[in-house]
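Engineer: could you look at this predicted model? Sequence included:
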Amino acid sequence: MKHIHFANDGLIDLRAVTVFGASSKVGANPIGYFGTGLKYAIAVSLRLGCKITLWRGKDKYTFHAEPTRIRVDDFDIVCMTHPDGTVQELAFTTELGKKWEPWQAFRELWCNAIDEGGVVLQGHVTDGDENRTLVELEGEAMVDVYNHRDNIMLMGAPKWFENGVEIHYKKSNHAYYRNVRVGDSEKPTMLTYNVVGHGMDLTEDRTLKYGFLWNSKIKRALAESGDEQLLKELIDAPEGSLEAALDFSDEDPSPALLKMLEDEDFRAIQNKSLVRMFQKQKGEVIRPKTVKVDTNEEMMLRRALSFLAAIGYDDIEKYVINISDDLGQNILGRAYDGEIWLARQTFMKGTKMVAGTLFEEWVHLHHGFHDETRALQDFFLDAMITIGEKLRGEPL
């Protein structure tokens, strides 16, 4: 399949191809409203090497790019060939939408069709329909987008609807507004969010103008939900996900969320702002229970700190160091509440493990680097090289 086309009833006003800033849609609440989408789609398609054809009823219009020079620079100006063979030079070049990706051009044509009650279909158009407008694309770039079109428009019913936000039970990397992809989320999401009950400002390339406002609608929808399954997805969100990074500290949680947090092992919650929110609401500070170390463990801790100080990390001891049996399964250490926490089982693995765990948690606290990040990896590599330089007595 090399061809796809967008079809809707009615005949397009050709000024939609030539005039900027004129958006006139028949349906209520149209997706497009800048009056530039079709022009952008034409320019981007030609720049990608795709063919684009417009059928206005039985009349066929084709587009191509002609090299031209404006002052000292070369451009490819967009031209439209009319049914009678007349070539019209349009008022834009293939530089329009210079930073647009293929999916954005595809989205414009699809949104235009949807606004007019139309559809996107596979197949080559051999002849126009007297009462319809058709836009045909030919080219691998756009066909590939079509094959992944569910990343552009959300399809299927959401699993949840919370406070003006539809939530689909699938992972995503994208932000959606009124079913349309309007950018990428800051981090991968464990669920897919589609803001439908709130207005969102968009830039002229149809991406979110203020991403933090989209985030705020997601936070409120999650925090105020009473659905236990949805709240469990939030509480269990892994590090590196958007859900684990959103700051819920100032949100007003639902009774259901408070109850679930009360029953949850807070140590396993990656999003610590949920814990802060709980503490704020309950007026309680949640901390692991500490245990008293024995003489042998105290000696191992002293040796580990002495070793770290000897290689240049003498300020680790400035942080409060707590020992606990309450950090969670298979967790040797945590940086929590501005303090270093060591699991008692760490001592069973020897002084090297104690020193290594102390060092890692100090890095988290002192530098703010998170687990499994490039920044943390780079720090450890730099530290290793620096220690090697000290041993050699000269820099590399």
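Structural biologist: Sure, I can see it.
Engineer: mind listing what Glu138 touches?
Structural biologist: Glu138 is in contact with Lys2, His3, Cys50, Lys51, Ile52, Thr53, His124, counting by Cβ atoms under 8 Å, 6 or more residues apart in numbering. The C-beta positions use only the backbone N, C-alpha and C, and glycine is treated the same way.
Engineer: my read: the second one touches Leu121, true?
Structural biologist: Pointing back at His3 there. No. Using Cβ atoms under 8 Å, His3 is not in contact with Leu121; the gap is 9.4 Å.
Engineer: more neighbours: these two, which one.
Structural biologist: Higher neighbour count among His3 and Leu121: His3, with 18 against 15, using other Cβ atoms under 10 Å.
Engineer: ok, the more buried one to Lys232 distance?
Structural biologist: Here His3 is placed at a distance of 45 Å from Lys232 (Cβ to Cβ, to the nearest Å).
Engineer: would you mark the buried spots in the longest helix seen in the chain?
Structural biologist: Counting by DSSP state H, the longest helix found in the chain is helix 374-392. Within helix 374-392, the residues that count as buried by 16 or more other Cβ atoms under 10 Å are Leu376.
Engineer: can you give me the distance of the residue lying closest to Leu38 once chain neighbours are set aside to Gly333?
Structural biologist: Using Cβ to Cβ, 6 or more residues apart in numbering and skipping the chain neighbours, the partner closest in space to Leu38 is Ala16 (5.6 Å). Per Cβ to Cβ, Ala16 is found 62 Å from Gly333.
Engineer: neighbour count winner among the two?
Structural biologist: Gly333 (23 against 17).
Engineer: got a list of what that one touches?
Structural biologist: Per Cβ under 8 Å, 6+ apart, neighbours of Gly333: Leu327, Ile340, Trp341, Leu342, Ala343, Thr346, Thr357, Leu358, Glu360, Glu361.
Engineer: phi and psi next, for the residue lying closest to it once chain neighbours are set aside.
Structural biologist: Spatial nearest neighbour of Gly333, chain neighbours left out: Thr357 (4.0 Å); criterion: Cβ to Cβ, 6+ apart. Note on Thr357: its backbone torsions stand at phi -70, psi -40 [degrees, to the nearest 10].
Engineer: does Thr357 touch Trp341 like I think?
Structural biologist: No. Here Thr357 does not reach Trp341: they are 9.6 Å apart, not a contact under Cβ under 8 Å.
Engineer: which stretches in this structure count as helices?
Structural biologist: 15-18, 37-47, 102-115, 140-147, 211-223, 228-235, 242-245, 255-263, 272-282, 295-310, 351-367, 374-392.
Engineer: how far does the first one sit from the chain's center?
Structural biologist: Per Cα atoms, centre = their mean, to the nearest Å, the displacement of helix 15-18 from the mean C-alpha position of its chain is 34 Å.
Engineer: and what of the fifth one?
Structural biologist: On the basis of Cα atoms, centre = their mean, helix 211-223 sits 13 Å off its chain's mean C-alpha point.
Engineer: next one: the second one
Structural biologist: Relative to its chain's centre, helix 37-47 lies at 25 Å (Cα atoms, centre = their mean).
Engineer: for the stretch 151-300 of the chain, which spans come out with low pLDDT?
Structural biologist: Where the stretch 151-300 of the chain drops to pLDDT under 70, the residues are 267, 284-286.
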